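Participant: Just a sequence and a predicted model for now, questions to come.
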Amino acid sequence: MGLLDLTAVELAGQIKSGKTTAVEAMEAVIANIDSKEEELNCYVTFDREAALSAAKEAQKKIEAGELTGPLAGVPIAIKDNMCTEGVLTTCSSKILGNFIPQFSSEAVKRIEEAGAVVIGKTNMDEFAMGSTTETSAYGPTKNPWNTEHVPGGSSGGSAAAVVAYHLFTHVQTRVTAWRDPWGTINDAGYQVAQSLFAIGTGGWFGMGLGEGMPNKIPVAETDFIFSAISEELGAFFAICLILVEISCFIMFVNIALKIKRRFYKLTSLGLAMEYVFQVFLTIGGVTKFIPSTGVTLPLVSYGGSSVISTIILFCIIQGMYVLNCKEEESLETQQETDASKRRVRKR
């Protein structure tokens, strides 16, 4: 079995055990890119020297015991709409043809903190406005199984790269952790296992406010805040919190159903579904119902962008309801005026 046939977790394990190195893994990926890239057009930005240099640096840290994350030394490609500090990020558009971010997105930061080594930026539909990866300013990406077809989705570069090169993503790590967190508790399953420990420790009534150990739960203030709440305040409080979140969703749906204008109604329903889906992803992930997704719990998780985006969602739905009410009042007033004029004419 070659290096590119291993999963991300398996490859990281072999790198950390000394059976292979981050440099060898990166060289294997580059060899595959060289053999297929011209035909498939998976990458917008690919700097082999920078990738190899990053792999060498990662290997030094692994050997020194400084890099021990679950993806230590594993090569990974990033979609071109995710900011990467110091690396060209274009969203596959000529408009951003010279944009080099001064910061990395949160997702990229977490991948790098886990030890992954960035290969390059993959092709996509321009500004992700499409579903075939044909609208990229840098040309379409081909389907590796049949180059007469498209790979599908706005992330066609990433999809084609995965199929063509068997690249490794954090998704595999999270699925592995979800399937067997106890078997990988020292690696990929650590987050989920600690989350379940916290929920179980809290029981029905909790350990008491300030009596828990949120520092033992990874990213307790954001992704796993539901686990920290369950540990300190108990399952009863956690269930009440879920009911509050569901009641907000029901309120959104009721508002949407009362709105008569089709655009306002569909927009409100769409935002309501986005809200409840976010709640489902967060709570489902920390309770091992689904693989963890790293999504925040609306109005509960710490973080300005999370809170502000949820408040904006509330405001949009409420604003559409107010506009709808005003339009209905205006229409009723106009109808009453017209009816009054008709009565006057009859006299």
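Facilitator: Cool, got the structure.
Participant: what's residue 120 sitting at in phi/psi?
Facilitator: Per-residue torsions, residue 120: phi 180, psi -170 (degrees, to the nearest 10).
Participant: Verify the contact between it and residue 47 for me.
Facilitator: Yes - Residue 120 lies in contact with residue 47 (Cβ atoms under 8 Å); the separation is 6.7 Å. For glycine as for every other residue, the C-beta is placed from the backbone atoms N, C-alpha and C.
Participant: what's the burial count for the nearest residue in space to residue 142 that is not next to it in sequence?
Facilitator: Excluding its sequence neighbours, the residue lying closest to residue 142 (Cβ to Cβ, 6 or more residues apart in numbering) is residue 40, at 4.8 Å. Residue 40 has 23 neighbouring residues, counting by other Cβ atoms under 10 Å.
Participant: got it, and residue 65?
Facilitator: Count around residue 65 with other Cβ under 10 Å applied: 8.
Participant: Now do it against residue 16, distance only.
Facilitator: 10 Å (Cβ to Cβ, to the nearest Å).
Participant: more neighbours, residue 120 and residue 47?
Facilitator: residue 120 (27 against 16).
Participant: If that one is in a bridge, with which residues?
Facilitator: Note on residue 120: beta-bridge partners residue 46, judged by DSSP bridges.
Participant: Please name the residues that touch it.
Facilitator: 43-47, 51, 77-78 (Cβ atoms under 8 Å, 6 or more residues apart in numbering).
Participant: and if we set it to 6 Å?
Facilitator: By Cβ atoms under 6 Å, 6 or more residues apart in numbering, the residues touching residue 120 are 43, 45-46.
Participant: Among these, which one sits closest to residue 182?
Facilitator: Here the nearest of the contacts of residue 120 to residue 182, counting by Cβ to Cβ, is residue 43; it sits at 37.8 Å.
Participant: Grab the nearest non-local neighbour of that closest one.
Facilitator: residue 120 (4.8 Å).
Participant: Please apply the same query to residue 140.
Facilitator: residue 134 is the one closest to residue 140 (Cβ to Cβ, 6+ apart), at 4.4 Å.
Participant: Could you tell me how many residues sit around that neighbour?
Facilitator: Other residues close to residue 134 by other Cβ under 10 Å number 13.
Participant: Can you give me the distance of it to residue 41?
Facilitator: Relative to residue 41, and taking Cβ to Cβ, residue 134 is found at 11 Å.
Participant: For stretch 8-26, output the C-alpha coordinates as CSV.
Facilitator: Provided in CSV are the C-alpha atoms of stretch 8-26 (Å, rounded to 0.1, in the frame of the first residue of the first chain):
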residue,chain,number,x,y,z
ALA,A,8,-5.1,11.0,6.9
VAL,A,9,-4.9,9.5,10.4
GLU,A,10,-3.0,6.4,9.2
LEU,A,11,-0.5,8.6,7.4
ALA,A,12,0.0,10.9,10.4
GLY,A,13,0.6,7.8,12.5
GLN,A,14,3.3,6.5,10.2
ILE,A,15,5.0,9.9,10.1
LYS,A,16,5.0,10.2,13.9
SER,A,17,6.2,6.7,14.3
GLY,A,18,9.1,7.3,11.9
LYS,A,19,8.0,4.8,9.2
THR,A,20,7.9,7.7,6.7
THR,A,21,8.3,11.5,6.8
ALA,A,22,6.2,14.5,6.0
VAL,A,23,8.7,15.3,3.2
GLU,A,24,8.2,11.9,1.6
ALA,A,25,4.4,12.3,1.8
MET,A,26,4.6,15.7,0.2
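Participant: pLDDT of it, averaged?
Facilitator: What stretch 8-26 shows for mean pLDDT is 89.
Participant: nearest spatial neighbour of residue 110, skipping sequence neighbours?
Facilitator: residue 294 (7.1 Å).
Participant: can you pull the contacts of residue 302?
Facilitator: Listed by Cβ under 6 Å, 6+ apart, the contact set of residue 302 reads 221-222.
Participant: Stretch 205-219: end-to-end distance?
Facilitator: End-to-end distance for stretch 205-219: 23 Å, by Cα to Cα, to the nearest Å.
Participant: ok, longest helix in the protein?
Facilitator: The longest helix of the chain (DSSP state H) is helix 304-346.
Participant: The stretch 151-300 of the chain: helices as residue ranges?
Facilitator: 156-165, 170-179, 190-202, 225-258, 262-286 (DSSP state H, counting those that start in this stretch).
Participant: okay, these, which one's buried deepest?
Facilitator: helix 156-165 (a mean of 24; mean count of other Cβ atoms under 10 Å).
Participant: surely the residue nearest to residue 110 meets residue 222?
Facilitator: No - counting by Cβ atoms under 6 Å, residue 294 does not reach residue 222; the two are 8.4 Å apart.
Participant: which regions of the stretch 1-150 of the chain sit below the pLDDT cut-off?
Facilitator: Within the stretch 1-150 of the chain, the ranges that satisfy pLDDT under 70 run 1-2.
Participant: hmm, 50 instead?
Facilitator: Within the stretch 1-150 of the chain, not a single segment meets pLDDT under 50.
Participant: those strands in it, which residues are they?
Facilitator: Assigned strands in the stretch 1-150 of the chain, in chain order: 43-46, 75-79, 117-122 (criterion: DSSP state E, counting those that start in this stretch).
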